[in-house]
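*Asks:* pasting the structure only:
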């Protein structure tokens, strides 16, 4: 839903959008409309990993809700050989921030799985020419396009713009968003008013999320 120094050519960064008027943790605003599902958007991070494993903030470019620059893609770029991962694999983001970044391949659909790789390409850091909510992990020339691996009643820990959103137990004090629906169509209107949402047009999927106790 995900989770906040300039690169030479940054890709665009994903958003999770919200229909309420108050900003969420790590959020940037878009003006809401009267239609359900329209509203503000959260801004995930853009990160890079050096060969020493030290994460460095690259920055964000594109179109901000509150300014002219903003990105729609979150990416981690590394100078070392990528892990043994491929399309269809799922990843546990053990450390999902700028100061520390570590991932591990796990079983898809498991409690540990945070993201699923839905595309593996070489060169281009753009997963699609449409506005969407992919997370992008880049190791050298290999680009992995990822989506949230969640089901209804899963919960997410939203740490802010410098972290990827990750799954946590809903009973945890860290739980910020609750996944309320995963629909087999790309349409933000399947989500209730006030929800966050992430749409994946190429997958025909929409993830709807709600704040937990005002922490989202």
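*Replies:* Right, received. Where do you want to start? The structure presented is a predicted model; accordingly, all values stated were derived computationally and were not measured. Numbering: from 1, shown residues only.

*Asks:* Quick check, residue 141 in contact with residue 122.
*Replies:* Yes. Assessed by CB atoms under 8 Å, residue 141 is found in contact with residue 122 at 5.3 Å. For every residue, glycine as well, the C-beta is placed using N, CA and C.

*Asks:* what sits opposite the nearest residue to residue 115 once chain neighbours are set aside in the beta ladder?
*Replies:* In space, residue 115 comes closest to residue 146 once its chain neighbours are excluded; the distance is 4.0 Å by CB to CB, 6 or more residues apart in numbering. Beta-bridge pairing for residue 146 (DSSP bridges): residue 117, residue 135.

*Asks:* ok, now residue 196?
*Replies:* Beta-bridge partners recorded for residue 196 (DSSP bridges): residue 18, residue 209.

*Asks:* you'd agree it is up against residue 179?
*Replies:* No. Between residue 196 and residue 179 there is no contact under CB under 8 Å: 9.6 Å.

*Asks:* now this structure, which segments are flagged as low pLDDT?
*Replies:* Applying pLDDT under 70 to the chain flags the ranges 1-83, 98-99, 125, 129-132, 214-216.

*Asks:* related to what we said a few turns ago, which residue of residue 196 and residue 179 possesses the greater neighbour count?
*Replies:* Legend: neighbour count by other CB atoms under 10 Å for residue 196 and residue 179, higher for residue 196 (34 against 22).

*Asks:* Please enumerate the shared neighbours of residue 141 and residue 122.
*Replies:* Common neighbours of residue 141 and residue 122, counting by CB atoms under 8 Å, 6 or more residues apart in numbering, are absent.

*Asks:* If anything else comes up later, I'll come back, but that's it for now.
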